[in-house]
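A.B. asks: The sequence and its predicted three-dimensional model are supplied below.
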Amino acid sequence: MVEKKEKIKKDMSVQNILTKYPETISVFQDHGLHCIGCFAAAFETLEQGAMAHGLDIDKLLKDLNMSLEKEKH
């Protein structure tokens, strides 16, 4: 049985996402977010990080969740 992964949400911390889903690292990098090692990743939500970098949160969220789907196959 394939484990169903919890969807990534706007209010999750960046660090939590990176820790729980390391396969998302490339998505963050593709969007210009080099969050690994960034002190703000520990307390910033995904939405706050996207806003701080002027990114489209909906596009980022979609791409992150798509990367989880790809990992299941």
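C.D. replies: Here it is on my side, so go on.
A.B. asks: remind me which residues of this protein are low pLDDT?
C.D. replies: 1-4, 71-73 (pLDDT under 70).
A.B. asks: Would you state the strands of it in chain order?
C.D. replies: For the chain, no strands are identified by DSSP state E.
A.B. asks: Tell me the gap between the helix ranked longest in it and the middle of its chain.
C.D. replies: Identified as the longest helix of the chain according to DSSP state H is helix 57-72. Distance of helix 57-72 from the chain centroid (C-alpha atoms, centre = their mean, to the nearest Å) equals 8 Å.
A.B. asks: For it, give me every contacting residue.
C.D. replies: Helix 57-72 is contacted from outside by 2, 5, 7-10, 17, 21, 23-24, 26-28, 30-31, 33, 46-47, 50-51, using C-beta atoms under 8 Å, 6 or more residues apart in numbering. C-beta here means a position set from N, CA and C on the backbone, and glycine is covered the same way.
A.B. asks: same check, this time on stretch 10-19
C.D. replies: In contact with stretch 10-19 (C-beta under 8 Å, 6+ apart) are residues 8, 24-25, 28, 33, 35-36, 38, 40-47, 49, 57, 61, 64.
A.B. asks: so how far is the first residue of stretch 20-28 from its last?
C.D. replies: 14 Å (C-alpha to C-alpha, to the nearest Å).
A.B. asks: How about residues contacting that stretch?
C.D. replies: Against stretch 20-28 from outside (C-beta under 8 Å, 6+ apart): 5, 8, 14, 17-18, 34-36, 60, 63-64, 67-68, 70-71.
A.B. asks: Just the buried subset of those, written out for ChimeraX, thanks.
C.D. replies: Buried residues within these, by 16 or more other C-beta atoms under 10 Å, are selected in ChimeraX with:
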select :8,14,17,18,35,60,63,64,67,68
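A.B. asks: Of all pairs in the contacts of stretch 20-28, which one spans the longest distance?
C.D. replies: Spatially, the most separated pair among those is K5 and H34, at 23.4 Å (C-beta to C-beta).
A.B. asks: Okay, now stretch 41-52: how far is its last residue from its first?
C.D. replies: 12 Å.
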